[in-house]
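Undergrad: what follows is a predicted protein model with its sequence.
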Amino acid sequence: MDFDPILFSRIQFAFTVSFHIIFPSLTIGLASWLAVVEGLWLKTGNQAYKDIYTLWVKIFAITFGMGVVSGVVMSYQFGTNWSAFSDRTGNVIGPLLAFEVLTAFFLEASFLGIMIFGWERVTAKMHFLSTITVAFGTVVSTFWIMAANSWMQTPSGYEISPEGIFHPLNWIDIIFNPSFPFRLLHMITGAYLATAFFVGGIGAFYLLKKRHLNQARIMFGMAMLMAIFVAPFQIFLGDLHGLNTFHHQPAKVAAIEGLWETEKGASLILFGWPDDTTEETKYALKIPKLTSLILTHNLNGEVKGLKEWQPDARPPVMLPFWSFRVMVGLGCLMALTGLMALWLYLRGRLFTPRWFQIWCVGMTPSGFIAVLSGWFVAEVGRQPYIVYGLMKTLEAVSPVLGQHVFISLLAFILVYSFIFGAGIYYIIKLIQKGPGPSRKEEIYGSHGLPTPPSVIAIERESHV
């Protein structure tokens, strides 16, 4: 077996970052949603909102912890696997990551304890302020991480010394590089949608099982609001991001489109099989001129094909091509879910059709899959560069043996499976228990004593 250190270092980082990104996606969305839920509880006094908060703040704490642990592992890999990258770009990347810790992580970690343990120890307003602070911290954290990653995609505000070291010249240009605003908004909106469909799927599950109906309606209804309004907005943001990528990373766009020849009036390939060997996309199902219209706003606009670049300067095609279609397809299904929810709401049947509840349960992981697919497009499509157009990935790897990287990759897989498997198992147990009292406690009381008949009658009526 050829233990290529570059290949295994890339696989190892891809594994850890793919595992990691799921948890921040959930914490970004959950923190903001919990702030809204707690605000509604303070305004209305409805116990159902507090029950929902009590359940989901536990899930937030678990995912926050798992996100921190998996993120620390990634940081260490900059030194163990990518020391040449750290050496050359550390003057730029290092401060951006430090800003994230100083301005966001400490903020989140400080007020997270009040969110979890402060109900009886601080005032309601102070607790609400803590939730808002943590929600703000997750967005600030996203700001700095996306600034660092976007700089690697569209570097600006730097100079390179004769030794090949990157030095900052203008921090405003570095942070607000050309792709940063689009990628930041696309990531935050994607996290909100992923959280909404996760929460909505759980709410739909409770509705199907006729459990926790008051809380389930709130969870499901709020999730569908996000689907109605935010899913179309995310598609719009994705289009703007695509236009920016077409301008700054045309080779990535050519790989996404499976386009090999430069064309005027380029067709949109819905499906096909990109073949690097023959340099063509086989079995292509096309819509004439649509790619040119989307990217250039001209039916006969020119779109560069992959053959404009030498083979060693092209990104791999298969993974960006299919990942993009998974991401866009799921985005369209989310928007379709919003349209169905709006139609049902206008007919007064949002919470009753079982087929729609089953559909939403099936859509529960869709947001996370879309986020992962989007990152595959972004990172694989950037290849062969780690800093686009300036530093190739093969120049960034540490002088390590491939066998050692392979062994550590196996260790990561085993440890992640055990530790994070336990965390996910606990989240599932929390969801099974649900918000508020259990089904047995609803009927018999928290101490096993019979609940008055009138209460039982009301409870039964709510399930009819």
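TA: Alright, I've got the coordinates. Predicted, not measured: the structure shown is a model, and the values here were computed from it.
Undergrad: what stretches of the stretch 151-300 of the chain score poorly on pLDDT?
TA: Nowhere does the stretch 151-300 of the chain drop to pLDDT under 70.
Undergrad: which residues in it form helices?
TA: 171-175, 180-209, 213-248, 250-257, 290-296 (DSSP state H, counting those that start in this stretch).
Undergrad: mind listing what's buried in the third one?
TA: By neighbour count on 16 or more other CB atoms under 10 Å, the buried set for helix 213-248 is 213-220, 222-228, 230-231, 234, 237-238, 241-246, 248. Backbone N, C-alpha and C define where each C-beta goes, glycine included.
Undergrad: one more: the shortest one?
TA: Within helix 171-175, the residues that qualify as buried by neighbour count (16+ other CB under 10 Å) are 174-175.
Undergrad: contact partners of that helix?
TA: Contacts to helix 171-175, defined as CB atoms under 8 Å, 6 or more residues apart in numbering, come from residues 92, 96, 147, 151, 156-158, 168.
Undergrad: residues contacting V400?
TA: Counting by CB under 8 Å, 6+ apart, V400 touches 5, 9, 80-81.
Undergrad: and those residues, which is the shakiest by pLDDT?
TA: Of all the contacts of V400, P5 has the smallest pLDDT value, namely 80.
Undergrad: can you say which of the contacts of helix 171-175 are buried?
TA: 92, 96, 147, 151, 156-158.
Undergrad: in CSV, list those along with distance to E120.
TA: Below are those laid out as CSV (distance: CB to CB, whole Å):
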residue, distance to E120
V92, 46
L96, 39
A147, 39
W151, 45
S156, 50
G157, 49
Y158, 51
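Undergrad: just the residues you listed: which are in strands?
TA: Residues of the buried ones among the contacts of helix 171-175 located in strands (DSSP state E): Y158.
Undergrad: tell me the contacts of W33?
TA: Going by CB under 8 Å, 6+ apart, W33 touches 56, 195-196, 199, 222.
Undergrad: Y388 now?
TA: Shown in contact with Y388 (CB under 8 Å, 6+ apart): 152-155, 248-249, 382.
Undergrad: change it to 7 Å
TA: 152-155, 249, 382 (CB atoms under 7 Å, 6 or more residues apart in numbering).
Undergrad: just to revisit the earlier point, could I get the helices of the stretch 151-300 of the chain as a markdown table with distance to D51?
TA: Formatted as a markdown table, the helices of the stretch 151-300 of the chain follow (distance: least, CB to CB, whole Å):
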| stretch | distance to D51 |
| --- | --- |
| helix 171-175 | 41 |
| helix 180-209 | 12 |
| helix 213-248 | 5 |
| helix 250-257 | 44 |
| helix 290-296 | 45 |
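Undergrad: wait, which of these is closest to F64?
TA: Nearest of these to F64, taken as CB to CB: helix 180-209 at 13.1 Å.
Undergrad: so what secondary structure elements neighbour the closest one?
TA: Applying 3 or more CB pairs under 7 Å, 6 or more residues apart in numbering; DSSP states H and E, one finds that helix 180-209 contacts helix 5-44, helix 124-153, helix 213-248, helix 354-362, helix 366-382.
Undergrad: so which of these comes closest to K286?
TA: Taking these one by one with CB to CB, helix 213-248 is closest: 18.1 Å.
Undergrad: roughly how far does F368 sit from P181?
TA: Going from F368 to P181 by CB to CB, to the nearest Å gives 24 Å.
Undergrad: can you redo the helices and strands packed on helix 180-209 as CSV with distance to S267?
TA: Supplementary listing: the helices and strands packed on helix 180-209 in CSV, determined by distance: least, CB to CB, whole Å:
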stretch, distance to S267
helix 5-44, 31
helix 124-153, 27
helix 213-248, 16
helix 354-362, 32
helix 366-382, 20
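Undergrad: which of the ones you listed sits most buried?
TA: Of all the helices and strands packed on helix 180-209, helix 366-382 has the most neighbours on average by mean count of other CB atoms under 10 Å, namely a mean of 22.
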